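Asker: Give me the fold of what follows.
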Amino acid sequence: MNVAVVYTSMTGNTEEIAQILSDQVEQYDLTVKIFHVEFDDIMALDLKNYDAILFGTYTWGDADLPFELEDFHEDLGDEDLSGKVVGLFGSCDSYYEFYGAAMEIMAKQFRAIGAEVIEPLLKIELAPEPEDDEKIEQFVKKFVDRVKQSS
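Answerer: Predicted structure coming up:
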């Protein structure tokens with residue numbers, strides 16, 4: 001089974017989470033391909049080619065999508081990802097009123113096009129730390145279990 005790990009990262013924190021998730025998912029004998037939205041050739045329609053998706057983002061400002069995801073988010077609305085399992089993750093900052101708002105925006109869009117979004121979303125305070133290991137492992141296990149059930 002093929003999993004796309006798609007993310008955007010400004011400071012490197014979400015990128016670090018993406019790599020951790022990718023490494024852990026591969027331990028379950030799933031094939032993973034990683035895409036950085038701003039630098040790699042990945043479009044919303046490409047997600048149809050994967051059995052499941054891990055999607056990561058940071059939140060810009062108080063509660064906005066990063067600018068590099070705005071077109072991707074809009075294009076995603078034109079796709080049908082019915083039956084796809086999606087896990088959302090990202091770096092968050094509790095300084096802001098809306099914690100991880102961009103992930104919530106993306107989750108809403110994925111649900112609107114038929115994808116099954118794994119709850120809870122994986123929200124990491126800034127950079128992943130050792131105290132996040134158990135939360136990350138539980139998220140990966142829930143994601144992988146659901147992916148294998150849906151196949």
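Asker: biggest helix in this structure, by residue count?
Answerer: Among the segments of the chain that qualify as a helix by DSSP state H, the longest is helix 133-150.
Asker: Which strands and helices lie in contact with it?
Answerer: helix 13-26, strand 52-56, strand 85-92, strand 122-125 (3 or more Cβ pairs under 8 Å, 6 or more residues apart in numbering; DSSP states H and E). (C-beta placed from N, C-alpha, C; glycine too.)
Asker: what comes up buried for the helix or strand just after the third one?
Answerer: Remark: after strand 85-92, the chain's next helix or strand is helix 101-112, criterion DSSP states H and E. Of all the residues in helix 101-112, those buried under the rule 16 or more other Cβ atoms under 10 Å are 101-107, 109-110.
Asker: related to what we said a few turns ago, same list as before, the helices and strands packed on helix 133-150 that is, but in CSV and with distance to Asp133, mean pLDDT and mean neighbour count included.
Answerer: Shown next, in CSV, are those (distance: least, Cβ to Cβ, whole Å; pLDDT from 0 to 100; neighbours: other Cβ atoms under 10 Å):
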stretch, distance to Asp133, mean pLDDT, mean neighbour count
helix 13-26, 9, 98, 19
strand 52-56, 17, 98, 27
strand 85-92, 14, 97, 26
strand 122-125, 11, 97, 21
